[in-house]
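Engineer: Based on what follows, work out the 3D shape:
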Amino acid sequence: MGGDSGPRLCISAALKFARLHPSVYLTLIGNGDLLSASASALPAQIKILPAEDHVDMSERPGSALRHKRDSSMAMAVKMVATGEADACVSGGNTGALMAFGLHLLGTVRGIERPAICKAVPGKDGVCWVLDLGANLECTAEHLRQFACMGVSLARLHGVAAPRVALLNVGVEHQKGRELERESAALLKAQPDLNFIGFVEGGDVFRDVADVVVCDGFTGNVLLKASEGAAALLQSSLKKVLRQSAGARLAGWLLKPALRSWGLRYDPARLNGASFLGLNGVVVKSHGGASEEGFVAALNVAREQATHRIIDTVAAAMAG
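Structural biologist: Residues are numbered from 1 along each chain as shown. Take a look at the predicted model:
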C-alpha cells in the first residue's frame, strides 16, 4: 500500500514475477477492494489477504508500531514470524518496516542491530554496502557485526573470499573519526575476515572491495548522492543527444551500445535492500521503483529465502 505507485504496480510486478518463478507463491496484503479492483484475474499462486489499515509514508516508526498492528505491513512481517511466509517485500515506510521487523522477528543471535544492505554496481561487478540508513549512530562493534553479515551475503552470491573495507575520508590508517579507527582495529583482529583497510566514497564503484561497511548516516548520504549523480548523468546525456540533427544521428547510431550501457547501470536491476540481521528475510523496495525494480526486489527476497541467508548469518556470528 506504500510507495509512489501504490498497489497497482505491486500487482503487475507480482504477475510478472509469478510467470518467471512458477514455484513461488505470493500473498498480496492490503486494502481488499483496491487490490481486487486492480487485479482482474490472478493465477492460483497469488492470493489476496485483506488488511484493515496501512502505514503512511510519513508516519513515525514508533507510532506505526503502537497504532498500526493490523496494517498490511505488520501483517506481512507477522507472516514471516509465524512461518506462513519465507520472506516479506515492501515498498513502504522504511522506518516502520524496520520497527515491525525488530518487534516481530527479533535479531539473529550475536547481532545487536540490523543493517540495510544493498548491492551497488561497480566497474565489473557489484559491491555490497551496509549500513544504508537503519542506524544513524553506531559503535565499532556494530560495524564489525555489519562486516560479518555483509561477508555472508557476498558469499551467498559466489564470492569466495570477500574483500571487506571501511568507508572513510581517506585510505591512510590515521584518517577518520574514532569510530572508523576503532572499527579497523576490530576487523584487523578477526582472522576470518579479509579486511583490506579504508576506502573512499569513489572506491565503492571501482571494484576495490566486495563489502563496504559504514554507519547508517554516512551510507544513506552515499546512496542518495550516487542515485542523484546517476539520474543527472542519464538526463544530461539525453539532453545532449537531442541538441542538434548531428547529435540525434549520433544517438541513433549509438542506440544499441547506449541501451546495453543503460541496462548495465539501471538502478531497477539492483533494487531491493536487505534488512540483514533480522531473524527473517525482509526486503525493502525503493518507493519510486518501476515494475522491473519491484520484480528485482522480489527476486532478492526469493534468493535469500532459497539460500537460507538467515542460517548463513547465524553461523557466521556463532563462529
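Engineer: Could you use CA atoms for every contact and neighbour count after this?
Structural biologist: Noted.
Engineer: what's S152 in contact with, if anything?
Structural biologist: Residues in contact with S152 (Cα atoms under 8 Å, 6 or more residues apart in numbering) are 309, 312-313, 316.
Engineer: host element of it?
Structural biologist: Assigned by DSSP states H and E, S152 belongs to helix 140-156.
Engineer: Kindly provide the distance from the nearest residue to A154 once chain neighbours are set aside to T139.
Structural biologist: Leaving aside its sequence neighbours, A154 sits nearest to P162 (Cα to Cα, 6 or more residues apart in numbering; 6.5 Å). Counting by Cα to Cα, to the nearest Å, the separation of P162 from T139 is 22 Å.
Engineer: what do you get for I309?
Structural biologist: 24 Å.
Engineer: Compare neighbour counts for the two and give me the winner.
Structural biologist: Neighbour tally, I309 and T139, criterion other Cα atoms under 10 Å: the higher count belongs to I309, 23 against 14.
Engineer: got the contact list for the more buried one?
Structural biologist: Taking Cα under 8 Å, 6+ apart, one finds 152-153, 156, 281 in contact with I309.
Engineer: export those to TSV and tack on distance to L132 and pLDDT?
Structural biologist: Shown next, in TSV, are those (distance: Cα to Cα, whole Å; pLDDT from 0 to 100):
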residue	distance to L132	pLDDT
S152	17	92
L153	15	92
L156	20	88
V281	17	96
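Engineer: just the residues you listed now: which is nearest R206?
Structural biologist: Closest to R206 out of the contacts of I309 is L153 (19.4 Å), distances taken as Cα to Cα.
Engineer: Quick check: nearest residue in space to the closest one, chain neighbours excluded?
Structural biologist: In this structure, L153 finds its nearest non-sequential neighbour in I309, 7.1 Å apart by Cα to Cα, 6+ apart.
Engineer: What's the per-residue pLDDT of that neighbour here?
Structural biologist: With respect to pLDDT, I309 scores 92.
Engineer: And D266, by the same measure?
Structural biologist: 66.
Engineer: longest helix anywhere in this structure?
Structural biologist: For the chain, the longest helix by residue count, based on DSSP state H, is helix 216-240.
Engineer: and the following helix or strand past that helix with helix 216-240, angle?
Structural biologist: Counting by DSSP H and E, the element after helix 216-240 in chain order, helix or strand, is helix 245-253. Here helix 245-253 points in a direction 120 degrees away from that of helix 216-240 (axes from the mean of the first three to the mean of the last three Cα atoms, to 10 degrees).
Engineer: Now do helix 245-253, average pLDDT.
Structural biologist: Mean per-residue pLDDT for helix 245-253: 79.
Engineer: do stretch 194-208 as well
Structural biologist: The average pLDDT for stretch 194-208 rounds to 93.
Engineer: List the buried residues of that stretch.
Structural biologist: With burial defined by 16 or more other Cα atoms under 10 Å, the residues of stretch 194-208 counted as buried are 194-199, 201, 203-205, 207-208.
Engineer: CA atoms of that stretch as CSV?
Structural biologist: Output in CSV follows, covering the C-alpha atoms of stretch 194-208 (Å, rounded to 0.1, in the frame of the first residue of the first chain):
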residue,chain,number,x,y,z
ASN,A,194,39.7,-10.4,4.5
PHE,A,195,40.0,-6.8,5.7
ILE,A,196,41.8,-4.6,3.2
GLY,A,197,41.6,-1.3,5.2
PHE,A,198,39.9,2.1,4.4
VAL,A,199,38.3,3.1,1.1
GLU,A,200,36.9,6.5,0.0
GLY,A,201,33.4,7.0,-1.5
GLY,A,202,34.5,6.7,-5.1
ASP,A,203,36.2,3.4,-4.4
VAL,A,204,32.8,1.8,-3.9
PHE,A,205,32.2,1.9,-7.6
ARG,A,206,35.7,0.8,-8.7
ASP,A,207,35.6,-2.8,-7.6
VAL,A,208,38.2,-2.2,-4.9
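Engineer: and the buried residues of stretch 194-208, which of them are in strands?
Structural biologist: Among the buried residues of stretch 194-208, DSSP state E puts 194-199 in strands.
Engineer: Need these in JSON lines (columns: distance to F146).
Structural biologist: Converted to JSON lines, these look like this (distance: Cα to Cα, whole Å):
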{"residue": "N194", "distance to F146": "14"}
{"residue": "F195", "distance to F146": "13"}
{"residue": "I196", "distance to F146": "15"}
{"residue": "G197", "distance to F146": "15"}
{"residue": "F198", "distance to F146": "15"}
{"residue": "V199", "distance to F146": "16"}
